[in-house]
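**Q** with the input below, show me the fold.
(one chain, ligands or ions: 1)
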Amino acid sequence: MAVVEDIVTAPDKRLKTACAPIEEIDDHIRELAAHMLDDMYATEGCGLAAPQVGELIQLVVIDVDYTKSKRNPYVLINPRIVVADGEERETGEGCLSFPGITVRVSRPSHVVVEARNLDGDLMRYEASDNLMAVCLQHEIDHLHGVTMVDHLKPLQRVRKMHEYEEAVAAGARPGDVEVEE
Ligand code: NI
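**A** Numbers count the residues shown, from 1 in each chain. So this is what the prediction gives:
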């Protein structure tokens, strides 16, 4: 299906590339944001970054609390983490670009992010100890060529990438996540 073909999966150089800031919010950006939200909802993800659909620009979409009838999408243009503090928290993260695996990543529990919205307004997002705090950091990492496995120690990373290769060989597709034991 189209969504799955859209998603750039590891290993792909585009996932390791620093993305360019967006200079102008034009129709291309608006259409891309809508398209990324469609992909995100279709795969039941909570966030998607532009490089994951092959566009090397600083655009992220997030929705951490949607239901079938109610959506709460955020579009973040040129997002910047201005505060990352609080106690480190380890959570299991999944990523559409790494189908079939979950990775335990430790991150600061509190973040403040500044980003433009589609109207060009500078917005401020604050999240503490919740999925939003994790998702903001995970997606903004993507814009800097950093993925969840890059947070692992070298040996752990080798093991996880092996697990990932096995999952892909077994037919894992974007949106598939490992069931955590
Ligand atoms: Ni991701």
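
**Q** C-alpha only now, for contacts and for neighbours.
**A** Will do.

**Q** tell me the helix or strand right after whichever strand in the chain runs longest.
**A** Longest strand in the chain by number of residues (criterion: DSSP state E): strand 74-93. Sequence order places strand 103-116 as the next helix or strand after strand 74-93, per DSSP states H and E.

**Q** that next one - what's its average pLDDT?
**A** In this model, strand 103-116 has a mean pLDDT of 98.

**Q** and for stretch 16-34?
**A** 97.

**Q** okay, it in CSV with CA atoms only?
**A** The C-alpha trace of stretch 16-34 is given here as CSV (Å, rounded to 0.1, in the frame of the first residue of the first chain):
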residue,chain,number,x,y,z
LYS,A,16,21.5,10.2,8.7
THR,A,17,21.3,13.6,7.0
ALA,A,18,20.9,17.0,8.6
CYS,A,19,17.8,18.6,7.2
ALA,A,20,17.6,22.2,5.9
PRO,A,21,15.5,24.8,7.6
ILE,A,22,12.3,25.8,5.7
GLU,A,23,12.6,29.3,4.3
GLU,A,24,9.0,29.8,3.1
ILE,A,25,5.8,28.1,4.0
ASP,A,26,4.2,27.5,0.6
ASP,A,27,1.8,25.0,-0.9
HIS,A,28,4.4,22.3,-1.1
ILE,A,29,5.0,22.5,2.6
ARG,A,30,1.3,22.6,3.4
GLU,A,31,0.6,19.6,1.1
LEU,A,32,3.6,17.7,2.5
ALA,A,33,2.4,18.2,6.1
ALA,A,34,-1.1,17.0,5.2
